[in-house]
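[1] Could you work out the structure for the sequence below:
(2 chains)
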Amino acid sequence: SSELTQDPAVSVALGQTVRITCQGDPLRKYFASWYQQRPGQAPILIISDSNIRPSGIPDRFSGSSSGGTASLTITGARADDEAVYHCNSRASSGRPHVIFGGGTKLTVL
Amino acid sequence: QVRLQESGPGLVKTSESLSLTCTVSGASIDTSSYYWGWVRQPPEKGLEWIGNVYYSGATYSNPSLSSRVTISMDTSKNQFSLTLDSVTAADAALYFCGRIDGALKVDYWGQGALVTVSS
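    Predicted structure coming up:
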C-alpha cells in the first residue's frame, strides 16, 4: 500500500512537547518530510528527509523515523504552532508519485 | 528566492476543463534537478497530489486522476500548466503549484488558486 496515515487531531499544552506521527509502508524505504499549514496559507516545509530542518525553521521542530513510522516532535509548543501538519513521501512503487498523509490538526491549549 | 504563482479562472462549469498556469521566478524549470507539480486541497480536507512534469517533458500523475489530467511546460516562459478535464463538484479545491525535488518533497509552494465548480 502507498498510503500514509496520520491522527486527525492532537492537542498539547502551551510549553509542552508533542509528537505527531505518520505511518505507512513507503516509510520503510523512503524518507518522510513534514509541512506546517496555517489557515488560509500554503504549506511550509519544516522537516525534510526525515530529520533535516530547512533554513529558518526553529530547532523546536525535529523529525525521526523508525520502521514504517515517521515522527515530528515539537518541543516547547507555542500558540503559533497551532496549525495542520502534513507528512509526505513517495509511493512504494518507486515511480515519482508523491503521497501525503491526511494531516494532523494541532491544538495548543 | 524561488517564487511560484498560480493563475487561471477561479470558476469552472461542471463537465468543462479546469486550466491553471504556474509562473516560476528565481529558478529555471529547465533543470534536471527538480520536478514541477500540482497539489490540491478541497475545503477542510488534506493535500492531494495531482501530478508532476519533468524538464524532459515526462509527466506523472495520480492514478485516481490520470485519465483527466494533462500537465505541460513552456520553458521559454518558465511556466508549467495543468488541465483537468470533465470537472465535477468534487474538483473544487485550492490548487497549489510547487517545486518537487528527487525525494519528492515540495520545497517551494505557490500561494494557491481557489477553483470553484458551478453547474
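[2] Which positions in stretch B:11-19 come out as buried?
    Burial within stretch B:11-19, assessed by neighbour count using 16 or more other C-beta atoms under 10 Å in any protein chain shown, is assigned to B:12, B:18-19. All C-beta spots, glycine's among them, are computed from the backbone N, C-alpha and C.
[3] and chain A, which of its residues are near chain B?
    With C-beta under 8 Å from any C-beta of the partner chain as the criterion, chain A comes near chain B at residues A:30-31, A:33, A:35, A:41-45, A:48-49, A:54, A:86, A:88-90, A:95-103.
[4] Now list the buried members of the residues you listed.
    For those, burial is judged from neighbour counts taken by 16+ other C-beta under 10 Å, and it is met by A:30-31, A:33, A:35, A:42-45, A:48, A:86, A:88-90, A:96-103.
[5] circling back: take the buried residues of stretch B:11-19 and lay them out in CSV including distance to B:S66 and pLDDT.
    Below are these laid out as CSV (distance: C-beta to C-beta, whole Å; pLDDT from 0 to 100):
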residue, distance to B:S66, pLDDT
B:V12, 19, 97
B:L18, 15, 97
B:S19, 17, 98
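[6] can you map out the strands along chain A?
    If you assign secondary structure with DSSP state E, the strands in chain A sit at A:9-12, A:18-23, A:33-37, A:44-47, A:61-66, A:69-74, A:83-90, A:98-100, A:104-108.
[7] List the buried residues for the last one?
    Translated: strand A:104-108. By neighbour count, and taking 16+ other C-beta under 10 Å as the criterion, the buried residues in strand A:104-108 are A:104-106, A:108.
[8] Taking the centroid of chain A, which residue is nearest it?
    Compute the mean C-alpha point of chain A, and by C-alpha atoms, centre = their mean the closest residue is A:W34, 3.6 Å away.
[9] And for that residue, nearest residue in space, chain neighbours not counted?
    Counting by C-beta to C-beta, 6 or more residues apart in numbering or on different chains, A:W34 lies nearest to A:I47, which is 4.0 Å off, once chain neighbours are set aside.
[10] Can you give me the pLDDT of that neighbour?
    What the model reports as pLDDT for A:I47 is 97.
[11] what's the answer for A:S1, then?
    A:S1 is assigned a predicted lDDT (pLDDT) of 67.
[12] since we're on the nearest residue to A:T21 once chain neighbours are set aside, how many residues are nearby?
    If the residues on either side of it in the chain are set aside, A:T21 comes closest to A:S71, at 5.1 Å by C-beta to C-beta, 6+ apart. Neighbouring residues of A:S71 were enumerated by other C-beta atoms under 10 Å in any protein chain shown; the total is 20.
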